[in-house]
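> the amino acid sequence is not available; the structure is as follows:
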């Protein structure tokens, strides 16, 4: 290391952080830039796989790897927990006292479920009659719970948005319906979807389609439900307006929040997400701090596809930025999400900041092979196949051939 080198420090080695360091190591001269990535452990999970573990569709071994093999050799990896970012001193302090300097900082520490934020969640039923699938441990515990489920009231509940992969609770509900039918338990089970929204999803066109699917499958929807507490003794969830929904098995999606250090460092909003320019990811008020992936407050889905498309834009902008040039690339909010609907089928949503999910074909007009906003076997197979793409192409930073900007090709106008 020489005095002329500059330091890029990336906090978080999840999807976004890993892609960033791998792509920028190829673009930034080693004699000019060191790149360091910090994370608390060496475990990397393919988080979309959590959804399938409770139903035995995916095994635990298929979703968990170690991080280091996926990170470029020219990147320094530091294991530790971030305590605080000092933007004045250009330093990051770790909980063990180590201090890491930086010239440019990228926050990519994601978002995490916080069951501690809702009264009554972390009682004796936690990871038993009160389950979740947003963590590895929770998905494994829920698999054990479902193995012993013989019928009753199965309630799928969203605490508040934003959450990681906002369609995942719907997917779980559809897969549960299919799973119960396969086991002859559907007639003995009341399936209830409880949401703080006024419908199935945030986007009106998609909400109508997904709401119709819920209705077709005989799934009860309890909308506009803002949970205040979970009463484990009475086995009910209670809203702020004192409505109650009883359960035999509850599958809750807790409040999601960004990393605590984001808040204590004065970099976050009330949920510890970093306010950024939604086109460039530059943190408000800074010219040397960026936030990507689920760690930022950009108004689109907190999903792996958004991390993928946004990193493509960010890398081009960052190279311009550190060379003292204007950032000429702009992220359009592109998100691309498969929605499992059960019975070996799935839907596909493709949208951005300005365009709702539309019907049509993807990625090619007429040819597809994926259907947009419609169920198909190809969509389901595409979702299952993406795990291989994730480990072998996406994380290492290899090109996937999908443009970061959303295309209207193949889409039918609303």
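Now that the structure is in, tell me what you want to look at. Fair warning: this is a prediction, and the values are worked out from it, not measured in the lab.
> mind listing what's buried along the longest helix along the chain?
Longest helix of the chain, by residue count under DSSP state H: helix 304-322. By 16 or more other CB atoms under 10 Å, the buried positions in helix 304-322 come out as 304-319, 321-322. Using the backbone N, CA and C atoms, a C-beta is placed for each residue, glycine as well.
> wait, is residue 211 part of a helix?
Yes. Under DSSP: H, G, I helix; E, B strand; the rest coil, residue 211 falls within a helix.
> my guess is it meets residue 199, correct?
Yes. Judged on CB atoms under 8 Å, residue 211 makes contact with residue 199 at a distance of 5.5 Å.
> between these two, which contacts overlap?
Residues touching both residue 211 and residue 199 by CB atoms under 8 Å, 6 or more residues apart in numbering: residue 221.
> domain map for this structure?
What automatic domain parsing lists as the domains of the chain is 6-110+259-322, 115-255, 335-394.
> nearest to residue 409, of the ones you listed?
domain 335-394 (5.2 Å; CB to CB).
> as a whole number, average confidence for the closest one?
Taken as a whole, domain 335-394 carries a mean pLDDT of 93.
> same check on stretch 77-89?
Mean predicted confidence for stretch 77-89 is 98.
> do the same with stretch 320-330
The pLDDT scores in stretch 320-330 average 98.
> how far does that stretch sit from the chain's center?
Distance of stretch 320-330 from the chain centroid (CA atoms, centre = their mean, to the nearest Å) equals 27 Å.
> hmm, who's touching that stretch?
Residues from elsewhere that reach stretch 320-330 (CB under 8 Å, 6+ apart): 6, 28, 33, 104, 279, 280, 282, 313, 316, 317.
> bridging residues for the third one?
The residues paired with residue 33 through beta bridges, assigned by DSSP bridges, are residue 6.
> and it, what does it touch?
By CB under 8 Å, 6+ apart, the residues touching residue 33 are 5, 6, 7, 8, 24, 322.
> from residue 362, how far out is the nearest residue to residue 297 once chain neighbours are set aside?
Excluding the flanking residues, the one nearest residue 297 by CB to CB, 6 or more residues apart in numbering is residue 273, at 4.1 Å. Here residue 273 is placed at a distance of 29 Å from residue 362 (CB to CB, to the nearest Å).
> would you say residue 197 is within a strand?
No. Using three-state DSSP, the assignment for residue 197 is coil, not a strand.
> counting contacts, what elements does the helix or strand bottoming out on mean pLDDT in the chain pack onto?
The weakest-scoring helix or strand in the chain, judged by mean pLDDT, DSSP states H and E, is helix 204-216 (a mean of 88). Other elements packing on helix 204-216 under the criterion 3 or more CB pairs under 8 Å, 6 or more residues apart in numbering; DSSP states H and E are helix 168-182, strand 345-351.
> starting at the chain centroid, how far to the longest one?
On the basis of CA atoms, centre = their mean, helix 168-182 is displaced by 19 Å from the centre of the chain it belongs to.
> just the shortest one next, same as before
Averaging C-alpha coordinates over strand 345-351 and over its chain gives two centres that are 16 Å apart (CA atoms, centre = their mean).
> what residues does that strand touch?
If you take CB under 8 Å, 6+ apart as the criterion, strand 345-351 is touched by 167, 203, 206, 209-210, 333-341, 357-358, 362, 370-377, 379-380, 382-383, 406, 411.
> what comes into contact with stretch 34-44?
Contact partners of stretch 34-44, identified using CB under 8 Å, 6+ apart, comprise 1, 5-14, 17-18, 21, 24-25, 28, 64-68, 70-71, 74-82, 92, 94, 100, 395.
> make TSV out of the domains of the chain and add distance to residue 400.
As requested, those are exported to TSV (distance: least, CB to CB, whole Å):
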stretch	distance to residue 400
domain 6-110+259-322	8
domain 115-255	19
domain 335-394	6
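> out of those domains, flag the one nearest residue 401.
With CB to CB as the criterion, residue 401 lies closest to domain 335-394 of these, at 8.6 Å.
> do a quick rundown of the helices in this structure.
Under the criterion DSSP H, the chain contains helices at 15-27, 60-63, 136-147, 168-182, 204-216, 260-264, 304-322, 377-389.
> packing partners for the last one?
This points to helix 377-389. Contacts defined by 3+ CB pairs under 8 Å, 6+ apart place helix 377-389 against strand 335-342, strand 345-351, strand 368-372.
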